[in-house]
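Student: Show me how the following folds:
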Amino acid sequence: MASYLITGGTGLIGSALIERLLTDENQVSVLTRDPQQACNKLPNSIKFIRQLHELPRDYPIDYVINLAGEPIADKRWSKAQKKKLWSSRITLTVDLVAWLKQQETLPKALISGSAVGWYGDSQDRLLTERSSPASEYTHTLCQAWEQAASGLTDQGVRVCLFRTGLVVSDRGGFLDKLLLPFKFGLGARLGDGCQYMSWIHIEDMVRALIFLIDDQKADNPEQSRPFGVYNLTSPAPVTNRTFTKTLAKQLGRPAFLIAPELVLRLLLGEMAGLLITGQRVKPEKLLTEGFSFHYPTLDLALINVLR
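Tutor: Take a look at the predicted model:
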């Protein structure tokens, strides 16, 4: 049994992770802006806090899982929205690291979120954790996020930074927004459909996080512990064209419409880049270190969540 502090615990990934952690009778504390709402969504065995200082300096924390962040694709990127995106990621992480440094005992590890947006628009270039980025807004945001979390490394704390893509789940997320139009035969390719979509099934997402949390690697206990940057995506990214056809096929519906790039840019502004550009990401470190995916292909993932 271990003690966990989790930010972003009410989100899609956080709630699934907490469900998994509680099966092993771990102690979980959740930092949340709305403890009452969180209490309604999560088990009552969890300790909910609004501010970090609500926990005493000697409060035992073995692992910190930093998942907090304003949804990046819910609103146009106005100046006010970009401020929210920054504050909910970088400012929160800076404050979290500063608070952890003041605790009497440091955690064993900090597992902190990022996104494949770190790589920027990379067209069809295959990306591993060693790849260089294209400079744009999503890279700037993710880079600052990762740098903030890395502030604990100089204290001897093991820090893992995970870059995730689209999470395939039956409990919400991007797929939930697509199902209704696709079910009515209104599924549409975005632009030319050549942009890559890196994705991961929610079960593999949680399993990968547990893999990073674990103080010993799954395949060989004598190897060093997980550390540094990890791509948390399936080993089989697909183009938007392929994704559209695959989802429509699984639903037994046609998908012949096209959402032109110009229209998307007019409607969404800068944020349209999330839809018409992409990243072809490979989880090289996970695979090298012995992690195996339960849902390595999109067909398998969609069959599972749509059944």
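
Student: low pLDDT regions in the stretch 151-300 of the chain?
Tutor: Within the stretch 151-300 of the chain, the stretches with pLDDT under 70 are 216-223.

Student: where do the helices sit along it?
Tutor: Using DSSP state H, counting those that start in this stretch, the helices found in the stretch 151-300 of the chain span residues 174-183, 202-213, 240-251, 261-268, 273-276, 284-288, 298-306.

Student: which helices and strands sit right next to the first one?
Tutor: Looking back up the chat, that one is helix 174-183. Judged by 3 or more C-beta pairs under 8 Å, 6 or more residues apart in numbering; DSSP states H and E, helix 174-183 is in contact with strand 166-168, helix 240-251. Placement of C-beta: from N, CA and C, glycine included.

Student: angle of the last one against helix 298-306?
Tutor: With axes from the mean of the first three to the mean of the last three C-alpha atoms, to 10 degrees as the basis, helix 240-251 and helix 298-306 are set at 50 degrees to each other.

Student: quick one: contacts of helix 240-251?
Tutor: Defining contact as C-beta atoms under 8 Å, 6 or more residues apart in numbering, one finds that helix 240-251 is touched by 178-179, 182-183, 187-197, 199, 238, 254-255, 278, 298-299, 302-303, 306.

Student: Only the C-alpha atoms, please, for that helix, written as PDB.
Tutor: Output of helix 240-251 as PDB, limited to C-alpha atoms (Å, rounded to 0.1, in the frame of the first residue of the first chain):
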ATOM      1  CA  ASN A 240      -7.200  11.200 -39.800                       C
ATOM      2  CA  ARG A 241      -8.400   9.600 -43.000                       C
ATOM      3  CA  THR A 242      -7.800   6.100 -41.600                       C
ATOM      4  CA  PHE A 243      -9.300   7.000 -38.200                       C
ATOM      5  CA  THR A 244     -12.500   8.300 -39.900                       C
ATOM      6  CA  LYS A 245     -12.900   5.200 -42.000                       C
ATOM      7  CA  THR A 246     -12.200   2.900 -39.100                       C
ATOM      8  CA  LEU A 247     -14.700   4.600 -36.700                       C
ATOM      9  CA  ALA A 248     -17.400   4.700 -39.400                       C
ATOM     10  CA  LYS A 249     -16.800   1.000 -40.200                       C
ATOM     11  CA  GLN A 250     -17.100   0.000 -36.500                       C
ATOM     12  CA  LEU A 251     -20.400   1.900 -36.300                       C
END
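
Student: what angle do it and helix 174-183 make?
Tutor: Using the same axes, to 10 degrees, one finds that helix 240-251 and helix 174-183 are set 70 degrees apart in direction.

Student: quick revisit: quick one: buried ones out of the contacts of helix 240-251?
Tutor: 178, 182, 187-191, 193, 195-197, 199, 238, 255, 278, 298, 302 (16 or more other C-beta atoms under 10 Å).

Student: For Asp24, list the residues it contacts.
Tutor: Applying C-beta under 8 Å, 6+ apart, the residues near Asp24 are Met1.

Student: My error: substitute Leu152 in the last question.
Tutor: Val97, Leu100, Lys101, Leu106, Leu110, Val159.

Student: how about the strands in the stretch 51-200 of the chain?
Tutor: When assigned using DSSP state E, counting those that start in this stretch, the strands of the stretch 51-200 of the chain occupy the ranges 63-66, 109-115, 126-127, 158-164, 166-168, 188-190, 196-197, 199-201.

Student: before we move on, back to that, need the winner for burial among the helices and strands packed on helix 174-183.
Tutor: Comparing the helices and strands packed on helix 174-183 by mean neighbour count (mean count of other C-beta atoms under 10 Å), strand 166-168 ranks first with a mean of 22.

Student: For Ser45, grab phi and psi.
Tutor: phi -80, psi -10 (degrees, to the nearest 10).

Student: what's the burial count for the closest residue to it other than its chain neighbours?
Tutor: Spatial nearest neighbour of Ser45, excluding adjacent residues (C-beta to C-beta, 6 or more residues apart in numbering): Leu22 at 6.7 Å. Neighbours of Leu22 under the rule other C-beta atoms under 10 Å: 16.

Student: Many thanks, we can stop here.
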